[in-house]
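Novice: Sequence plus the predicted model coming up.
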Amino acid sequence: MLSSLASLSLLLLSSSTLLVEAAGPHQARGLNHRRAASHAKRLPTLPIDVHGRQLPGTVKIRKRSDGSAKCKVRASSSSSSVLAASSTYPTSSAGGQQVQSSAVALLSSSSAASPTSTTAAWVAPTTTATAEWVAPTTTTTTTTAQAATTTTTASGSTSTITPSSGQFWSKAGVAGMDSLPWLNTKLGWWYDWNVTPVGDSGAATPVSMLWGAGTADATDAARLAAFQALSYVPSYLLGPNEPDCSAGGGSAGLSVADTAALWNTYIGPYKARGSMLGSPAMCHQAAETFLPGFKAAISVDWDFTTVHINKNSMDGVRADLDHYATYGKPLWVTEFACVDDSSSFIPCTDQTKINTYINEIVDLLEADSRVMAYAYSDGMGLGSVWPTVSNGALSASGQTYLAAISKYH
C-alpha cells in the first residue's frame, strides 16, 4: 500500500538535529497541529506539486522541547509561499528512536507516469492529527483514526460528531480577502464566496464555493459559469450561500427543491472525486427549517455542516452551534459577526463591545471540539466598525481578531 508513497523517514539523530529523506516529485498534504519548537534544520529543496505547478519545496524539521518532531514543507514561487504540509510526530524520550512510521503519509507520490488516484491508510500518532489534501490533478485521500465526540446541547439532547478527516493547521479563517496581508500567517483557510478565491493567502488554504444557481444577479451567474468551467478538484467545496432567504443582499434565494437540484447536479459528484462537501449555509441560523428537507432530497450527503453566526452574545452563539450539531456533522463556521438579530439585523458599533465579542467567540470556537474551522466575516451590511480593514490599514476590530487568534496559532 505504501509503495506509491514517497520514501520519507524521520530519524532522531541527536538532541537537536533531525534528518528527512525524500525522493521524487511530491504532492503535499497539510496536517493540523499547534506550533512550538526549539531547534530546527532546513533540508535541500525538492519539487512540490501545487495545483499542477512544480514549485521548489523546502523541508524543515524542528525538534520541540517536549521531544516531539515537527516537519514543515513549504512550496515557494517568485511571488508567494505556500505552507504545503505541517505535522508533529511524537518520539521516545530517549534519543536515537525512529519517529513513527506514520510520517510517511505527510507526502504522497505524484508520478506523471501514473496519474491515478491513491488512497493511503494512516495510523494516527499520539498527538491528534488530521489530513487535508491540496492537489487538483491527482485525488489522494487519507483516513485518520479519530474518536467521536458526544456533546449535550442546551436543550438536553445529545449528538455524536466524528471529527472530519480534513482540518487545517489553524482553525481560524476569514470570509473576504481584505485582511489577508495582515492575518495570513495565522490563518488556516479563507474564502471570498467565489469558485476560486483570488489573493495572496500565504499559508492559508483558499476554499471553493458554489454560491448559487446563477439566478440572483449577474455576479451569481458569473460564479455559476466559473464553476461549470472548473478544471480541478477542490479540496473543500462549500454549498450555496443562504438559499433560505430572498435573493439579494448576500443571499442566494432558492427553494429547497432548487437547492437540492443544484447540489445533485454540480456539488454532489465532487465527493467521489475527493472533495469534502459543506452544506448550504443558512440565513436563519438556529431558526432554520430548510436543511431537513434538503437532506432528504439530495443523493450525496454533506461532510460538514456550514454555519453562519450573527449574534451579539455567547449564549446566542452556543444556541446556533447546538442547533447545527444535531445534524451529526463537524461544524464549519464560515461567517461570524457581532449582530443584534433579536428583531432585525443591527451590526454592533461599540468598539469595546466588539473587542469583547471577538475575544469571547474565538475562545469559544477554539475550545469547542465540534467546530473544525471558523471565519471572521468581512461580508456586506456589517457597518463601519466591524470590518477588519479601514483606510488601507488593519482596523481596531481587525487588530483584536489578530491578537485573539495569535493566542492559539
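Specialist: Okay, I see it.

Novice: only C-alpha atoms for contact and neighbour calcs from this point on.
Specialist: Fine.

Novice: quick one, domains of this protein?
Specialist: 2-144, 151-406 (automatic domain parsing).

Novice: Confidence-wise, which of those is weakest overall?
Specialist: Of all these, mean pLDDT reaches its minimum on domain 2-144 (a mean of 37).

Novice: Strands of the stretch 201-350 of the chain, start to end?
Specialist: Here the stretch 201-350 of the chain has its strands, by DSSP state E, counting those that start in this stretch, at 205-206, 208-209, 236-238, 276-278, 305-311, 331-340, 346-347.

Novice: and those as TSV, adding distance to D363?
Specialist: Converted to TSV, those look like this (distance: least, CA to CA, whole Å):
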stretch	distance to D363
strand 205-206	22
strand 208-209	26
strand 236-238	24
strand 276-278	23
strand 305-311	15
strand 331-340	13
strand 346-347	21
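
Novice: And F227, how far from G249?
Specialist: As judged by CA to CA, to the nearest Å, F227 and G249 stand 21 Å apart.

Novice: Looking at those two, which is more packed in?
Specialist: The residue with more neighbours, out of F227 and G249, is F227; 19 against 12, by other CA atoms under 10 Å.

Novice: follow-up on the earlier one: dump the strands of the stretch 201-350 of the chain into JSON lines; add distance to H284 and mean neighbour count as well.
Specialist: Formatted as JSON lines, these follow (distance: least, CA to CA, whole Å; neighbours: other CA atoms under 10 Å):
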{"stretch": "strand 205-206", "distance to H284": "26", "mean neighbour count": "24"}
{"stretch": "strand 208-209", "distance to H284": "20", "mean neighbour count": "24"}
{"stretch": "strand 236-238", "distance to H284": "18", "mean neighbour count": "25"}
{"stretch": "strand 276-278", "distance to H284": "17", "mean neighbour count": "24"}
{"stretch": "strand 305-311", "distance to H284": "9", "mean neighbour count": "26"}
{"stretch": "strand 331-340", "distance to H284": "13", "mean neighbour count": "23"}
{"stretch": "strand 346-347", "distance to H284": "15", "mean neighbour count": "19"}
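
Novice: Which of the ones you listed sits closest to S369?
Specialist: strand 331-340 (9.1 Å; CA to CA).

Novice: That closest one vs strand 305-311, what angle?
Specialist: Using axes from the mean of the first three to the mean of the last three CA atoms, to 10 degrees, the direction of strand 331-340 lies 20 degrees away from that of strand 305-311.

Novice: Can you name every helix or strand that strand 331-340 contacts?
Specialist: Contacts defined by 3 or more CA pairs under 8 Å, 6 or more residues apart in numbering; DSSP states H and E place strand 331-340 against strand 172-175, strand 305-311, helix 314-325, strand 346-347, strand 371-377.

Novice: how near is the nearest residue to A221 once chain neighbours are set aside to P243?
Specialist: Leaving out its chain neighbours, the residue that sits closest to A221 by CA to CA, 6 or more residues apart in numbering is G214, at 3.7 Å. Here the criterion is CA to CA. By it, G214 lies 12 Å from P243.

Novice: The two - which one has more neighbours?
Specialist: Higher neighbour count among G214 and P243: P243, with 26 against 16, using other CA under 10 Å.

Novice: Please identify the buried residues of stretch 294-307?
Specialist: 294-295, 297-298, 300-307 (16 or more other CA atoms under 10 Å).

Novice: same deal with stretch 186-198?
Specialist: Across stretch 186-198, burial judged by 16+ other CA under 10 Å covers 186-197.

Novice: what sits up against that stretch?
Specialist: For stretch 186-198, the external contacting residues (CA atoms under 8 Å, 6 or more residues apart in numbering) are 168-177, 201, 203-211, 223, 226-227, 375, 402, 405-406, 409.

Novice: mind redoing it with 7 Å?
Specialist: If you take CA atoms under 7 Å, 6 or more residues apart in numbering as the criterion, stretch 186-198 is touched by 168-177, 203-211, 223, 226-227, 406, 409.

Novice: same check, this time on stretch 336-348
Specialist: Under CA under 7 Å, 6+ apart, the answer for stretch 336-348 is 308-312, 354, 357, 375-377, 382-383.

Novice: first to last residue in that stretch, what's the distance?
Specialist: 12 Å.

Novice: if I pick L394, what's in contact with it?
Specialist: 179, 388.
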